[in-house]
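Build me a model from this:
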Amino acid sequence: MPDLHGLGDHAYVSGTGLGSSIWLRQRKLGETGLYLGLVCDSNEAVAGGTDEGEPADRTYFAPGYYAANVADFDGNHLEFVHKAWNPAC
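Reported below is the predicted structural model:
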């Protein structure tokens with residue numbers, strides 16, 4: 001992809017191992033949101049994520065804090081959040 005930019009550790013860049021990398025692409029006109037892909041070692045690992053909290057108000061953080069959470073098989077956590085006090089994009 002010509003508009004893809006990334007960074008990788010030595011193992012990834014040299015091809016000597018799986019390593020770690022992150023890739024970014026400039027949004028195209030009309031696109032919204034963010035896509036995040038995580039590499040897994042097996043098909044079983046792909047299905048190994050767990051729900052860490054369905055979408056709901058998290059008023060224990062702050063009024064207007066609405067979030068959903070997921071965790072992968074390694075215990076990495078992702079939170080999708082809307083904070084009512086942030087302006088719309």
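
Where does pLDDT dip in the chain?
Along the chain, segments meeting pLDDT under 70 span 1-2, 35-43, 45-46, 48, 88-89.

residues in contact with the residue of it most remote from its centre?
Going by CA atoms, centre = their mean, the residue of the chain most distant from its centre is Thr16, 25.4 Å out. By CB atoms under 8 Å, 6 or more residues apart in numbering, the contact set of Thr16 is His10. (C-beta placed from N, C-alpha, C; glycine too.)

tell me the SS of Phe61?
Classification of Phe61 using DSSP: H, G, I helix; E, B strand; the rest coil returns coil.

Quick one: residues contacting it.
With CB under 8 Å, 6+ apart, Phe61 has these contacts: Ala67.

If we go by neighbour counts, what in stretch 53-60 is buried?
Residues of stretch 53-60 classed as buried: Arg58 (neighbour count, 16 or more other CB atoms under 10 Å).

who touches that stretch?
Counting by CB under 8 Å, 6+ apart, 64-69, 80-81 sit against stretch 53-60.

In which helix or strand does Glu79 reside?
Taking DSSP states H and E as the definition, Glu79 sits inside strand 77-83.

ok, for Lys83, nearest residue in space, not its chain neighbours?
Closest residue to Lys83 apart from its sequence neighbours, by CB to CB, 6 or more residues apart in numbering: Tyr65 at 5.8 Å.
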